[in-house]
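K.L.:
below: sequence and its predicted model.
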Amino acid sequence: MMTVETDRRSMLIALAGAAAISFSPVLYVYSDTNPSTGAFFRMLYALPALALLAFLVRNADTRSSRTRWMAFGAGLLLAPDMLVYHSAMIFIGIGIATLIGNSQVIIVTLASWKLFGEKPNPAILISLPIVMIGLGLISGIADSNPYGEDPVKGVIFGVMGAFFYSFFLIAFRHANKELAPVSSVQFDATAGAALGLLVLGMLPLSSVAIEPLVVQPTWPGHGWLMLLALLCQVGGWLAIAHALPRLPAAHTSFAILLQPVLTLIWGYLILHQEGYSQNQVIGIFLVLAAITSVTLYGSATSGGETSE
């Protein structure tokens, strides 16, 4: 009975975390800031709360300096992901951008196969061409008037974000082999991401449709970013990180899949992002089906040698 109650409580925490994170694109759109500014300040505003939480559990954090720097370095990989993800939202809407970002489950598995010899099962290999077809349809190449300000650019940014996020996850996993308190590890990674976004925001990237960082706070835009940081970047991610290791695999998969589905719903209901073409709708379902397949059935098995 205790196990059932624990599972139920952990599942509720995971679902609450996924639901909180699903609102992050909505809050970003409400902030009315450019991608460089929104991505940087969501990290910056999360740091004080994470620092306080890390301080409270400092005695349980026994990591070496090298391991902490590894977490910081993982955050540097998160920086370009956040930048292009927020850019994708502008070009193709929050729902599709988030869905494309979640295709990282396929990239992570394939990268782990190459790097660590974790062999994927057939579900992953079958899903890859399905995702590629879906992304092609979402980009609007088969439509005369697809949804989105620039759907091709949105898909490109979204895929770039999925790649950067995949390598962040791999680096983050290896930075926390000692299983330190999650708030401590997240503080280090968030600090790395904030620094990376600060540097990226000062680079001349206008030629690739990325505006520079605006450091002057505006209201109510930065109020929305503060809410995003506390609700999603701190509360949502800590809830998921706490709950997922305590859940069965099937429950974990459902919690992970909830976030992109809810974001699609919020985009339609709250931001009125509608008008997808028939081909784009088909593409959305193809990508979602492939991600679901990999999340539920695409577990990798260790063993074997990586090929060069």
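P.N.:
Arrived safely.
K.L.:
drop to CA atoms for contacts and neighbour counts, all remaining ones
P.N.:
Will do.
K.L.:
quick one: distance of the lowest-mean-pLDDT helix or strand in the chain to the chain centre.
P.N.:
One helix or strand of the chain scores below all others by mean pLDDT, DSSP states H and E: helix 104-116, with a mean of 74. Centre-to-centre, helix 104-116 and its host chain are 16 Å apart (Cα atoms, centre = their mean, to the nearest Å).
K.L.:
using PDB, write out every CA atom in it.
P.N.:
Listed next in PDB are the C-alpha coordinates belonging to helix 104-116 (Å, rounded to 0.1, in the frame of the first residue of the first chain):
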ATOM      1  CA  GLN A 104      15.400  14.800 -28.900                       C
ATOM      2  CA  VAL A 105      14.400  11.400 -27.500                       C
ATOM      3  CA  ILE A 106      15.400   9.900 -30.900                       C
ATOM      4  CA  ILE A 107      18.600  11.900 -31.200                       C
ATOM      5  CA  VAL A 108      19.700  11.000 -27.600                       C
ATOM      6  CA  THR A 109      19.100   7.300 -28.300                       C
ATOM      7  CA  LEU A 110      21.100   7.400 -31.500                       C
ATOM      8  CA  ALA A 111      23.900   9.400 -30.000                       C
ATOM      9  CA  SER A 112      24.100   7.000 -27.000                       C
ATOM     10  CA  TRP A 113      24.300   4.100 -29.500                       C
ATOM     11  CA  LYS A 114      27.400   5.800 -31.200                       C
ATOM     12  CA  LEU A 115      29.000   7.100 -28.000                       C
ATOM     13  CA  PHE A 116      28.300   4.500 -25.400                       C
END
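K.L.:
all the helices of the stretch 151-300 of the chain, residue numbers only.
P.N.:
151-175, 182-202, 221-228, 237-243, 249-269, 278-297 (DSSP state H, counting those that start in this stretch).
K.L.:
what's the shortest one packed up against?
P.N.:
What that stands for is helix 237-243. If contacts are counted by 3 or more Cα pairs under 8 Å, 6 or more residues apart in numbering; DSSP states H and E, helix 237-243 sits against helix 2-22, helix 182-202.
K.L.:
quick one on the thing from earlier: show me what the least confident helix or strand of the chain is packed against.
P.N.:
Secondary elements touching helix 104-116 (3+ Cα pairs under 8 Å, 6+ apart): helix 122-138, helix 151-175, helix 278-297.
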